[in-house]
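Student: no sequence on this one, just coordinates:
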């Protein structure tokens, strides 16, 4: 008996939105990478949307990401060839973690590809939900505004140092200083995705990946992004929420001490296996999509901040060579966040949602209040 | 005495723009790239409206969105410019350090890599397929 209630037509609006995110041009070669946990109907919908644009698609079925993002993992040659030979790569992923980072970096830097990463979990429902229709133009502008705030006043060359502070009622109070050159975003700097860039479908993030100093505590609502987390409740998801007891990362001079229950013990083991620098703060980031589901895509949700320790090679190249073998995450649902004392998140809401320019662009797609209203899940 | 790095880059860019693809590629962005040589003489290139100007030393400060910074030892830059190593491999081997991690300036990394490759007279890598 077929229990799948969805049809191709239910998925096509979101699949077509993907094409806007990677801005396909007629005749381009597109490789759709889908792991075996992605439902076939999802792959068919994306294939149809690519063909609608007059492009030349090929599908590459891969193993689930699993531990493949860890340093040194090598994909099959056919995987590399498909990635290197394409103009655009669309990755449909059941786990958010980056897969085969060295191959992907090589593809972008040396082979001119543009990449769209689409973390979906393993449900068809993911592509029928409101988050997947969020307009590219609005996401691009919101992301750019936050990036500009986090890098304001910085020059190249230059040695400006900025301060980020996160505070929440659950005991979080973390202050870190950073070089704005290491502010990152997922490919939304321009209105157009350029060769060598990637973006995350309907899920921009802005973050910092190298810090000069970090002191204080962050208390997590959940963890995400590790294959091992699929064994923790809710089983099968790489997102762990709720936690059996609070997990706290306590930073002194950027180095982290991990406290909490069995989830904390799992992180401690991951970090212990990651080498001498795996306990160094390597990410503070936020999401911008108010419709992203908290339980499956917490890092994409507007106002949710996520944190990582361990800087994998290629992520933050720096002569200090503080690379680690792991880059592992936790997230916090609601906080206040300031950059140099300027508010960025106020009581869990992105301040940029009230920016007049952002609201004017959002109005092209409907009522800005509705577009920026947070999903109730 | 070996040729200074800034002269090598200047020659590569001149060769690149002798092709249609090179001229089109050079027009892609207006950007300043600083090459911070950790054990030698730094240099930079300003590319504006398809015109490249290579100079010794660091550029004057530019807004972060309009300028890039790549660090490395002199021999590493020589290896890259000579076509003996790929830029992406030099990153992963921790021999070259482009600013801003793995997202914000990758399009600029891709751009200068492509210009250098065109200057080396190497075909597009997609031609291999």
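Tutor: Nice, thanks for sending it over. Just so it is clear, the structure is predicted and the values come from calculations on it, not from any experiment.
Student: Could you use CA atoms for every contact and neighbour count after this?
Tutor: OK.
Student: Can you list the neighbours in contact with the longest helix anywhere in chain B?
Tutor: Ranked by residue count under DSSP state H, the longest helix found in chain B is helix B:106-119. Defining contact as CA atoms under 8 Å, 6 or more residues apart in numbering or on different chains, one finds that helix B:106-119 is touched by A:108-110, A:112, A:194-197, B:9, B:11-17, B:22, B:25-26, B:68, B:81, B:83, B:87, B:98, B:123.
Student: Skipping adjacent residues, who's closest to residue A:245 in space?
Tutor: residue A:261 (5.9 Å; CA to CA, 6 or more residues apart in numbering or on different chains).
Student: quick one, what contacts residue A:349?
Tutor: A:302, A:303.
Student: Recalculate using a threshold of 6 Å.
Tutor: residue A:303 (CA atoms under 6 Å, 6 or more residues apart in numbering or on different chains).
Student: can you give me phi and psi for it?
Tutor: phi -110, psi 140 (degrees, to the nearest 10).
Student: Tell me the confidence at it?
Tutor: Looking at residue A:349, its pLDDT is 97.
Student: Report the beta-bridge partners for it.
Tutor: Applying DSSP bridges to residue A:349 gives these bridge partners: residue A:346.
Student: Can you tell me how far it is from chain B?
Tutor: As defined by CA to the nearest CA, to the nearest Å, residue A:349 lies at a distance of 24 Å from chain B.
Student: about what we covered before: distance from the longest helix of chain B to the middle of the chain?
Tutor: 6 Å (CA atoms, centre = their mean, to the nearest Å).
Student: pLDDT (mean, whole number) over that helix?
Tutor: For helix B:106-119, the mean per-residue pLDDT is 95.
Student: Check stretch B:4-15 too.
Tutor: If you average the pLDDT over stretch B:4-15, you get 98.
Student: Name the residues of it that are buried.
Tutor: B:5, B:6, B:8, B:9, B:10, B:12, B:13, B:14, B:15 (16 or more other CA atoms under 10 Å in any protein chain shown).
Student: again with stretch A:48-55
Tutor: So stretch A:48-55, judged by 16+ other CA under 10 Å, has buried residues A:48, A:49, A:50, A:53, A:55.
Student: again with stretch B:113-129
Tutor: B:113, B:114, B:115, B:116, B:117, B:118, B:119, B:120.
Student: Just checking, which helix or strand of chain A averages the lowest pLDDT?
Tutor: strand A:183-185 (a mean of 86; mean pLDDT, DSSP states H and E).
Student: Can you tell me what sits against it?
Tutor: A:205, A:206, A:207, A:208, B:103, B:104.
Student: List just the nearest of the residues you listed to residue A:175.
Tutor: Nearest to residue A:175 out of the contacts of strand A:183-185 is residue A:208 (CA to CA; 12.8 Å).
Student: Just give me the neighbour total for residue B:82.
Tutor: 14 (other CA atoms under 10 Å in any protein chain shown).
Student: Find the residue closest to it in space, skipping its chain neighbours.
Tutor: residue B:120 is the one closest to residue B:82 (CA to CA, 6+ apart), at 7.7 Å.
Student: in the chain, which segments are predicted with low confidence?
Tutor: Using chain A. Filtered on pLDDT under 70, chain A yields the residue ranges A:1-4, A:65-73, A:97-98, A:313-320.
Student: please go with chain B instead
Tutor: For chain B, the ranges with pLDDT under 70 are B:100-103, B:127-129.
Student: Centroid-nearest residue for chain B?
Tutor: Nearest to the mean C-alpha position of chain B, by CA atoms, centre = their mean, lies residue B:112 at 4.0 Å.
Student: Now render the buried residues of stretch A:48-55 as JSON lines, adding secondary structure and distance to chain B.
Tutor: Shown next, in JSON lines, are the buried residues of stretch A:48-55 (DSSP: H, G, I helix; E, B strand; the rest coil; distance: CA to the nearest CA, whole Å):
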{"residue": "A:48", "secondary structure": "helix", "distance to chain B": "24"}
{"residue": "A:49", "secondary structure": "helix", "distance to chain B": "24"}
{"residue": "A:50", "secondary structure": "helix", "distance to chain B": "20"}
{"residue": "A:53", "secondary structure": "coil", "distance to chain B": "21"}
{"residue": "A:55", "secondary structure": "coil", "distance to chain B": "17"}
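Student: Direction included, what does the least confident helix or strand of chain A pair up with?
Tutor: Checking strand A:183-185 against DSSP bridges gives partners strand A:205-208 (antiparallel).
Student: which residues are contacting the strand it pairs with?
Tutor: A:182, A:183, A:184, A:185, A:186, A:283, A:284, A:285, A:286, A:287.
Student: what about it, distance to the chain center?
Tutor: That offset, for strand A:205-208, works out to 9 Å (CA atoms, centre = their mean).
Student: try stretch A:335-351
Tutor: That offset, for stretch A:335-351, works out to 19 Å (CA atoms, centre = their mean).
Student: Counting neighbours, which bits of that stretch end up buried?
Tutor: A:335-340, A:343-345, A:348-351.
Student: likewise stretch A:158-171?
Tutor: If you call a residue buried by 16+ other CA under 10 Å, then stretch A:158-171 has these buried ones: A:158, A:161, A:162, A:163, A:164, A:165, A:166, A:167, A:168.
Student: give me every residue that touches the fifth one.
Tutor: Shown in contact with residue A:164 (CA under 6 Å, 6+ apart): A:175, A:176, A:338, A:339.
Student: Format these as JSON lines; extra columns: distance to residue A:154 and secondary structure.
Tutor: Shown next, in JSON lines, are the contacts of residue A:164 (distance: CA to CA, whole Å; DSSP: H, G, I helix; E, B strand; the rest coil):
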{"residue": "A:175", "distance to residue A:154": "19", "secondary structure": "strand"}
{"residue": "A:176", "distance to residue A:154": "17", "secondary structure": "strand"}
{"residue": "A:338", "distance to residue A:154": "17", "secondary structure": "strand"}
{"residue": "A:339", "distance to residue A:154": "13", "secondary structure": "strand"}
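Student: neighbours of residue 64, just the number please.
Tutor: No chain was given, so I picked chain A. Considering only other CA under 10 Å, residue A:64 is surrounded by 17 other residues.
Student: other chain: chain B
Tutor: 20.
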